[in-house]
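J.: Could you look at this predicted model? Sequence included:
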Number of protein chains: 2
Amino acid sequence: MEHFSDRLASAIRSRRSVVCVGLDPVLERMPPELVEKYRPQAPEADEEAAVAACFEEFCVGVIEAVADVAACVKPQAAFFEQYGAAGWRALAAVVRRAREHGLPVILDVKRGDIASTGAAYARAAFGGAPGFSGPLAGIGADAVTASPYLGADSLEPLIDHCAAGHGVFVLTRTSNPGAALLQEAEVAGRPLFLRVADLVRELGAAHVGEAGYSDVGVVAGATAPAQLRAVREALPDAFLLVPGYGAQGAGPDALAGVAAGEAAGFVVNASRSVIFAWQEVGGDFRRAAAVAAESMRNDLGGFL
Amino acid sequence: MEHFSDRLASAIRSRRSVVCVGLDPVLERMPPELVEKYRPQAPEADEEAAVAACFEEFCVGVIEAVADVAACVKPQAAFFEQYGAAGWRALAAVVRRAREHGLPVILDVKRGDIASTGAAYARAAFGGAPGFSGPLAGIGADAVTASPYLGADSLEPLIDHCAAGHGVFVLTRTSNPGAALLQEAEVAGRPLFLRVADLVRELGAAHVGEAGYSDVGVVAGATAPAQLRAVREALPDAFLLVPGYGAQGAGPDALAGVAAGEAAGFVVNASRSVIFAWQEVGGDFRRAAAVAAESMRNDLGGFL
């Protein structure tokens, strides 16, 4: 079974890109032609299904537009989940389409739970839930994001799937304004997020692929560049999933000193600045997304 | 709008019960008559839908059986999520049925994300996702569990819904073996989980109901009784959702010193020891669950 980290390294090298396109669809920002197409005509129509179908066409359009310039995509589960079963079905279709285009899919769920519950979350993302006549396929994401608050026994049920070609990105120092409160609390002279990084190093050591990266990576935000570099120092062979670029304010400078190995060792996520680029520049949403992703690839090309 | 904390206090008092029944369905432990009923006959059948329908009938059966002896129920989202859209639909049906029986529903999702993503998770659980012609109903849970790792700005999008009658239970010291690693890390002489408790006190102060409890409660495990008492000391008016009882090993002694106010101020979760009681005692699964829940209510009756 090919390692997740090798698939991601290969996608980065073949596209010469560290761009991760975040798929965060919201109804208020759907292009008018899709709103027109999916707005229900009958008052008794299933609105959840209509919004979900709209999201699916939008995300598939973005995926096809960025397939040659992005290294991977990151659907944000929350935006789909709020439309219930229909949203979940659209999410599965989006994941499938990205994989058909050879784009590794990092499902952003930030799950974390223990024992049999943690194992069920892993199967929800990766597949393998017990059916009456054998394991079921599930969503089939390549990797997930995970929250470490419950400790190693909440990460292990996810990491167990690395042996089957999957990956896990554990939250360390996130990109939000309130991140510091717990994550930078000083524990024995070091911030808590580096204790998480130590745990990730330990848990990821058994899952290093041919390209030299572990299948167990971390999320570390570009809005705190010094902390981002500290995470890299603690984890020389981890893939870093870096949010906070673009709409959240950070530029390429924030990535200085973060690259590692022959495939950069990180991907930089941008969601709104790519998928809703049509609102800034006008024209077709797919073309606007392709141009925005390509421009970001060029801005970050120096790291490859 | 009635406070969530008042609805929970009222359910505890009217049933004289602090029992929270956890709804954690797994296929391997479904009663034979349900397996027989839902096992697909055709090879091309939708197995996800079949398992989800089986879970729905099982959980609804348990809900009806315990409706008079439980204070609330706690469906665990992971067990439904692993069956995709069908699982999500079954989860919504289970939540609806529990509410029809007057049982407050704590949806165990352990979500935590920021800004627009956090708001989307809140709407996934509580309803209000934007539709083409107004907000949609969503799952309609009464309360959710939340992970604090991202800080206050990941809890606020959930807590914002307290004004509309909802509740949030933030993880503090959980019941699992690995909980201590981060949660008991010493920060300025105090364990991290008490820093989380301080944050909860601050965020919950504006949401105290008529019964004197805040709508912002915490999860604190019975497997660490000293830490459970420390959480109570830090949060005199919070509802505590206490896992770790029964199957995980703790008994009523672990609750000493934890009661607060006129409605105990806590609920004790038991999942497997109630819903799969039929495997221990035989007979109808509903009757076995009712007997197990009633026995637990009696064991914990001294706190009311």
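T.: Okay, I see it. Numbers count the residues shown, from 1 in each chain, chains lettered A, B, ... in the order given.
J.: Which residue ranges of chain A form strands?
T.: For chain A, strands defined by DSSP state E occupy the ranges A:19-23, A:72-75, A:106-111, A:130-131, A:134-135, A:143-146, A:167-171, A:186-187, A:190-191, A:216-219, A:240-242, A:266-270.
J.: of these, which approaches residue B:182 most closely?
T.: Minimum separation from residue B:182 across those (C-beta to C-beta) falls at strand A:186-187, 8.6 Å. Quick note: C-beta positions are derived from backbone N, CA and C, even for glycine.
J.: re earlier: how about JSON lines for the strands of chain A, with mean neighbour count, mean pLDDT and distance to residue B:85 added?
T.: Shown next, in JSON lines, are the strands of chain A (neighbours: other C-beta atoms under 10 Å in any protein chain shown; pLDDT from 0 to 100; distance: least, C-beta to C-beta, whole Å):
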{"stretch": "strand A:19-23", "mean neighbour count": "27", "mean pLDDT": "98", "distance to residue B:85": "18"}
{"stretch": "strand A:72-75", "mean neighbour count": "27", "mean pLDDT": "98", "distance to residue B:85": "15"}
{"stretch": "strand A:106-111", "mean neighbour count": "28", "mean pLDDT": "98", "distance to residue B:85": "15"}
{"stretch": "strand A:130-131", "mean neighbour count": "18", "mean pLDDT": "98", "distance to residue B:85": "15"}
{"stretch": "strand A:134-135", "mean neighbour count": "10", "mean pLDDT": "96", "distance to residue B:85": "18"}
{"stretch": "strand A:143-146", "mean neighbour count": "28", "mean pLDDT": "98", "distance to residue B:85": "18"}
{"stretch": "strand A:167-171", "mean neighbour count": "29", "mean pLDDT": "98", "distance to residue B:85": "24"}
{"stretch": "strand A:186-187", "mean neighbour count": "14", "mean pLDDT": "95", "distance to residue B:85": "42"}
{"stretch": "strand A:190-191", "mean neighbour count": "18", "mean pLDDT": "97", "distance to residue B:85": "40"}
{"stretch": "strand A:216-219", "mean neighbour count": "29", "mean pLDDT": "98", "distance to residue B:85": "27"}
{"stretch": "strand A:240-242", "mean neighbour count": "26", "mean pLDDT": "98", "distance to residue B:85": "27"}
{"stretch": "strand A:266-270", "mean neighbour count": "27", "mean pLDDT": "97", "distance to residue B:85": "26"}
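J.: Present the ones you listed as TSV; the columns should include distance to residue B:188.
T.: Shown next, in TSV, are these (distance: least, C-beta to C-beta, whole Å):
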stretch	distance to residue B:188
strand A:19-23	36
strand A:72-75	35
strand A:106-111	27
strand A:130-131	46
strand A:134-135	47
strand A:143-146	27
strand A:167-171	22
strand A:186-187	7
strand A:190-191	13
strand A:216-219	25
strand A:240-242	29
strand A:266-270	32
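J.: Take those strands and write them to a markdown table, including distance to chain B.
T.: Output for these, formatted as a markdown table (distance: least, C-beta to the nearest C-beta, whole Å):
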| stretch | distance to chain B |
| --- | --- |
| strand A:19-23 | 10 |
| strand A:72-75 | 11 |
| strand A:106-111 | 6 |
| strand A:130-131 | 4 |
| strand A:134-135 | 8 |
| strand A:143-146 | 9 |
| strand A:167-171 | 6 |
| strand A:186-187 | 4 |
| strand A:190-191 | 10 |
| strand A:216-219 | 10 |
| strand A:240-242 | 14 |
| strand A:266-270 | 12 |
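J.: Point out where chain A drops to low pLDDT.
T.: Within chain A, not a single segment meets pLDDT under 70.
J.: need the helices for the stretch 1-150 of chain A, in chain order.
T.: Remark: helices assigned in the stretch 1-150 of chain A by DSSP state H, counting those that start in this stretch are A:4-15, A:32-38, A:47-66, A:77-81, A:84-100, A:115-126.
J.: any idea which of the ones you listed is most buried?
T.: helix A:77-81 (a mean of 27; mean count of other C-beta atoms under 10 Å in any protein chain shown).
J.: who's in contact with that one?
T.: A:23-26, A:52, A:55, A:87-88, A:90-91, A:94, A:107-109, B:88, B:111, B:113, B:117-118, B:120-121, B:124 (C-beta atoms under 8 Å, 6 or more residues apart in numbering or on different chains).
J.: got TSV for the helices of the stretch 1-150 of chain A, with distance to residue B:247 too?
T.: Formatted as TSV, the helices of the stretch 1-150 of chain A follow (distance: least, C-beta to C-beta, whole Å):
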stretch	distance to residue B:247
helix A:4-15	34
helix A:32-38	46
helix A:47-66	36
helix A:77-81	28
helix A:84-100	29
helix A:115-126	10
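J.: What residues does the stretch 151-300 of chain A have near chain B?
T.: A:151-154, A:171, A:174, A:176-183, A:185-188, A:192, A:195-196, A:199 (C-beta under 8 Å from any C-beta of the partner chain).
J.: Report the buried members of those.
T.: Buried members of these, counted by 16 or more other C-beta atoms under 10 Å in any protein chain shown: A:151-154, A:171, A:174, A:176, A:178-183, A:185, A:187, A:192, A:195-196, A:199.
J.: send the alpha carbons of stretch A:249-267 over as PDB?
T.: Taking Å, rounded to 0.1, in the frame of the first residue of the first chain, the C-alpha atoms of stretch A:249-267 are listed here in PDB:
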ATOM      1  CA  GLY A 249      -3.500  37.700   6.300                       C
ATOM      2  CA  ALA A 250      -0.200  35.900   6.000                       C
ATOM      3  CA  GLY A 251       2.100  35.900   2.900                       C
ATOM      4  CA  PRO A 252       5.000  33.800   1.600                       C
ATOM      5  CA  ASP A 253       7.400  35.400   4.100                       C
ATOM      6  CA  ALA A 254       5.700  33.500   6.900                       C
ATOM      7  CA  LEU A 255       6.900  30.300   5.400                       C
ATOM      8  CA  ALA A 256      10.600  31.100   5.600                       C
ATOM      9  CA  GLY A 257      12.600  28.200   7.200                       C
ATOM     10  CA  VAL A 258       9.600  25.800   7.000                       C
ATOM     11  CA  ALA A 259      10.500  23.800   3.900                       C
ATOM     12  CA  ALA A 260      12.000  20.300   4.500                       C
ATOM     13  CA  GLY A 261      13.000  17.600   2.100                       C
ATOM     14  CA  GLU A 262      12.500  17.300  -1.600                       C
ATOM     15  CA  ALA A 263       8.800  18.000  -1.700                       C
ATOM     16  CA  ALA A 264       8.700  21.100   0.500                       C
ATOM     17  CA  GLY A 265       7.200  19.200   3.400                       C
ATOM     18  CA  PHE A 266       4.200  21.500   3.700                       C
ATOM     19  CA  VAL A 267       1.100  22.600   1.900                       C
END
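J.: Please consider this matter closed, and thank you.
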